[in-house]
Structures are given as structure tokens and as C-alpha cells.
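[1] Take this sequence and fold it.
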Amino acid sequence: DPKSDSTFTLTGFLIPTIIDTLQAKDYHYEDVWPEDVIYQGYSGVDCVEAGGPPAGAGCGGYVVGETVKLLKEFNAFYEYDVILFDVLGDVVCGGFAAPLNYADYCIIVTD
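    Sure thing, here's the model as predicted:
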């Protein structure tokens, strides 16, 4: 699944996505804890998978927005020195730029 495998090489397994976790909790953010969605990977790197809508069924930018909202609840943007976002290369939705609102600077890597 290209929407939830970005951290596999760091964790060695597919971790639950934020969007799946929120759906399971009926979008009650207060019922989601950091340990529900943040998993420690190789060399102590903390990992989160945003997930995404089924192909052709919605905007991935919405999922990024929900992820940013939850990370804000966890104060992640202040707890970490570096946060990397891996997004699909064929995105057409401006919602993928939402994390930039919290960045001092940004480096975009393309392939």
C-alpha cells in the first residue's frame, strides 16, 4: 500500500496509520494517544504513517490535514527537531502543503 509503507524500512513492519486509528476511535482525537500512532524505528527514529483515502475516493490532502491536527495535539512540532513527510509524487491537492505552516524551512526532494 503506497499510503502506509514509508516507515517500513525503519520499523520492520507496517504501523497503523493515523487515519485508520482516527476512524477506529470515531474521530475522537481525545481518545488517541501518542503511543497509538508513534512507533520507534531503527536508531530511535520515531515514525508515523498518515495513511490515505482509497484510490479515487478522496483527497489525500485531507488526510495530511488530519495528521497535522493530531501532531499539533501531541506538540510534535515542538518536540522534534526534524519532521519528514513522504508524500505521493502524483499529488494534485494543495492540502499536502499543510505541514509547511509549522516549518522554519523546507527541503523538497524529488525523484
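
[2] Ala50: neighbour count?
    Other residues near Ala50 number 25, with proximity taken as other C-beta atoms under 10 Å. Heads up, the C-betas are built off the backbone N, CA and C, glycines and all.

[3] Now it: phi and psi?
    phi -70, psi -40 (degrees, to the nearest 10).

[4] do you know how far the residue nearest to it when sequence neighbours are not counted is from Thr7?
    Nearest non-adjacent residue to Ala50, counting by C-beta to C-beta, 6 or more residues apart in numbering: Thr67, 4.1 Å away. Distance from Thr67 to Thr7, counting by C-beta to C-beta, to the nearest Å: 13 Å.

[5] those helices in the protein, which residues are they?
    Using DSSP state H, the helices of the chain run over residues 8-11, 18-24, 34-37, 60-73, 76-79.

[6] still on that earlier bit, joint contacts of Thr67 and Thr7?
    Residues touching both Thr67 and Thr7 (C-beta atoms under 8 Å, 6 or more residues apart in numbering) are Val48.

[7] quick one: low-confidence parts of the protein?
    1-3, 54-60, 87-99, 108-111 (pLDDT under 70).

[8] so what's the most centrally placed residue in the chain up against?
    Per C-alpha atoms, centre = their mean, the C-alpha nearest to the average position across the chain is that of Ala50, at 3.1 Å. For Ala50, the contact set (C-beta under 8 Å, 6+ apart) comprises 3, 17-19, 63-64, 66-67.

[9] do you know how far it is from Phe74?
    14 Å.

[10] what's the answer for Leu84, then?
    16 Å.

[11] quick one, which of the two is more surrounded?
    Set Leu84 next to Phe74 and count neighbours by other C-beta under 10 Å: Phe74 wins out with 16 against 13.

[12] so what's the more buried one up against?
    By C-beta under 8 Å, 6+ apart, the neighbours of Phe74 are 34, 38.

[13] and with 7 Å instead?
    Phe74 makes contact with Pro34, according to C-beta atoms under 7 Å, 6 or more residues apart in numbering.
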